[in-house]
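S.K.: structure of the sequence below:
(one chain, ligands or ions: 2)
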Amino acid sequence: MNVEQILSQFQATGVESCFHDRHINPQIYAGLNGRNWGIQDYEARGGYAALRKILGKDGGEGLTQDQVIATVKESGLRGRGGAGFPTGLKWSFMPRQFPGQKYLVCNSDEGEPGTCKDRDIMEYNPHTVIEGMIIAAYAMGISVGYNYIHGEIFHAYERFEAALEEARAAGYLGDNILGSSFSFQLHASHGFGAYICGEETALLESLEGKKGQPRFKPPFPASFGLYGKPTTINNTETFAAVPWIIRNGGQAYLECGKPNNGGTKIFSVSGDVERPGNYEVPMGTPFAKLLELAGGVRGGRKLKAVIPGGSSSPVIPADLMMKLTMDYDSIAKEGGSMLGSGAVIVMDETRCMVKALARLSYFYSHESCGQCTPCREGTGWLWRMVDRIEHGQGRASDIDMLDSVAGNIMGRTICALGDAAAMPVRGMLKHFRHEFVHLIEHKTPLVNADATAVKTHG
Ligand SMILES: Cc1cc2nc3c(=O)[nH]c(=O)nc-3n(C[C@H](O)[C@H](O)[C@H](O)COP(=O)(O)O)c2cc1C
Ligand code: SF4
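M.R.: Ligands and ions are numbered 1, 2, ... in the order given. All right, here's what the predicted structure looks like:
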């Protein structure tokens, strides 16, 4: 698919991709127009200056490995893949003196429902991921890396491959980068669209050519990763943030966000908004502002609820959500949910929460890899119970049973997919229990069916 076809797809669906002017202080999506993804345009935007800086190719002395890691620690960058783990701290876990092969892996599997930011980064600014990975490899003394890309966005994989070729030809990748003693080989690899392959150890299994099923942890990838060697895995957006941090300093990045929540974050806003799409804003931006950037609730309807960080994050009712800011701490401490991958799913007053949960529960049941009984069996139970409530066949005991099954999955599985299936159930029961009760008692959903007709964007 060529650029024109991709752009026309977005226009046809009304989805805003990253090239619009409704970001606030963008760092990763700045200056993109859908066509300027190539290396010359990237360099014109200041690209590869951070790599030159650490290698001392800009007239300076260069940065040591410890200095690079210290800068990333200072920046307050937290992993954008979902858990928000501090990136500099993760990098410091890599045993740099390990005598054998070490690996760097980028997680571009992006399968969390609602999340569509990484594909835009790879299609429209792939060199920032490449440069971020080279800097990470330098900091941790790694000579080989892979970017594992979701199988259903093959054009992003092809674009990334094209960018890799450009970087190799320009001397930014390969042996003796820019004439230094540092060498780094980077390859792209595509999956086949399984959600579970986004879980880091399932990803490693898949990358090794095996069935994509999570491993028991510990050992963690830092000591036993790809092919059993020390490995560091970060999300696409995490690596994409690194060149800006090295160019401008850790403190500048931290100040762009709020304490403990440095920098900008890309939010994929979807659902009942006028302009669904990707919006990059500083951490700590009020949700109300983000909603405004996305054109407000579609058709001028009333906001009912928001899933703030991808489908596994518990739902937050409108009144509470409108008081929150978009950062890890506000969403967790005040909202009782998670910022997760930053996929913000907006639901208006016409949405039935039982139906929404049935859809989510089906997803998790379908995507369970089947290794552990609580997840394999429990996700199916959850879906079947919510499905029968939705279809007017629920029993009074179902609500307590839902809560109990969710509780029996949480914390009892090999990977966090089990928790991801249980948390939305608990969130829905906490805030919208009355809708489940109403459907069981009256066999009809409790929604505002009189709301005005939806005005479509365009
Ligand atoms: C079921 C499941 C799916 C996941 N999917 C993704 C994904 O698509 N992309 C991603 O970066 N992280 C995903 N993660 C989180 C990764 O395991 C890992 O924490 C992350 O890639 C680390 O990168 P970060 O520190 O930069 O966030 C997933 C986790 C689980 C449990
Ligand atoms: S929790 Fe679910 S997805 Fe994760 S390993 Fe167990 S069965 Fe597989």
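
S.K.: I'd like to know how many residues surround residue 409.
M.R.: Residue 409 has 27 neighbours, counted by other C-beta atoms under 10 Å. (C-beta placed from N, C-alpha, C; glycine too.)

S.K.: let me see the contact set for it.
M.R.: Residues counted as contacts of residue 409 (C-beta atoms under 8 Å, 6 or more residues apart in numbering) are 374-375, 378-379, 382, 418-419, 421-422.

S.K.: repeat that with 6 Å
M.R.: With contacts defined as C-beta atoms under 6 Å, 6 or more residues apart in numbering, residue 409 is in contact with 374, 378, 418, 422.

S.K.: the first one against residue 412, yeah?
M.R.: Looking back up the chat, that one is residue 374. Yes. With contact defined as C-beta atoms under 6 Å, residue 374 reaches residue 412; the gap is 4.6 Å.

S.K.: export the lengthiest strand in the chain to CSV, keeping only CA atoms.
M.R.: Longest strand in the chain by number of residues (criterion: DSSP state E): strand 264-271. Once side chains and other backbone atoms are set aside, the C-alpha atoms of strand 264-271 remain, and they are given as CSV (Å, rounded to 0.1, in the frame of the first residue of the first chain):
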residue,chain,number,x,y,z
THR,A,264,4.9,13.5,26.4
LYS,A,265,2.6,10.5,25.9
ILE,A,266,0.7,9.5,22.8
PHE,A,267,-3.0,8.8,23.4
SER,A,268,-5.0,6.8,21.0
VAL,A,269,-8.5,8.2,21.5
SER,A,270,-11.3,6.1,20.1
GLY,A,271,-15.0,5.4,20.6
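
S.K.: got the contact list for that strand?
M.R.: Residues external to strand 264-271 that are found in contact with it (C-beta under 6 Å, 6+ apart): 27, 114-117, 237, 276, 278-280, 282-283, 290, 294, 342-347.

S.K.: how near is residue 33 to ligand 2?
M.R.: Taking C-beta to the nearest ligand atom, to the nearest Å as the measure, residue 33 falls 39 Å from ligand 2.

S.K.: check contacts around the closest residue to that residue other than its chain neighbours.
M.R.: Of all residues beyond its chain neighbours, the one nearest residue 33 is residue 19 (5.0 Å), with distances taken as C-beta to C-beta, 6 or more residues apart in numbering. Contact criterion C-beta under 6 Å, 6+ apart gives 32-34 as the residues in contact with residue 19.

S.K.: the more surrounded of residue 374 and residue 412?
M.R.: Each of residue 374 and residue 412 had its neighbours counted (other C-beta under 10 Å), and the higher figure belongs to residue 374 (20 against 15).

S.K.: return the set of buried residues in stretch 147-164.
M.R.: For stretch 147-164, burial by neighbour count (16 or more other C-beta atoms under 10 Å) applies to 147-151, 153, 156-160, 163-164.

S.K.: correction: stretch 225-233
M.R.: When neighbours are counted by 16+ other C-beta under 10 Å, the buried residues of stretch 225-233 are found to be 225-226, 229-233.

S.K.: of those residues, which fall within the contact range of ligand 2?
M.R.: Contacts with ligand 2 within the buried residues of stretch 225-233, counted by C-beta under 6 Å from any ligand atom: none were found.

S.K.: restricted to strands, list the buried residues of stretch 147-164.
M.R.: Using DSSP E, the members of the buried residues of stretch 147-164 that fall within strands are 147-149.

S.K.: distance of residue 291 from residue 350?
M.R.: Note on residue 291: its distance to residue 350, by C-beta to C-beta, to the nearest Å, is 17 Å.

S.K.: residue 260 too?
M.R.: The span separating residue 260 from residue 350 equals 37 Å under the rule C-beta to C-beta.

S.K.: what of residue 95?
M.R.: 54 Å.

S.K.: which secondary structure elements does the host helix or strand of residue 425 contact?
M.R.: Assignment of secondary structure by DSSP states H and E places residue 425 within helix 417-442. In this structure, helix 417-442 packs against helix 353-367, helix 373-390, helix 398-409, with contacts taken as 3 or more C-beta pairs under 6 Å, 6 or more residues apart in numbering; DSSP states H and E.

S.K.: take those helices and write them to CSV, including mean pLDDT.
M.R.: Formatted as CSV, those follow (pLDDT from 0 to 100):
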stretch, mean pLDDT
helix 353-367, 96
helix 373-390, 97
helix 398-409, 96
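
S.K.: do you know which of these lies nearest ligand 2?
M.R.: In terms of C-beta to the nearest ligand atom, the element of the helices and strands packed on helix 417-442 nearest to ligand 2 is helix 373-390, at 3.0 Å.
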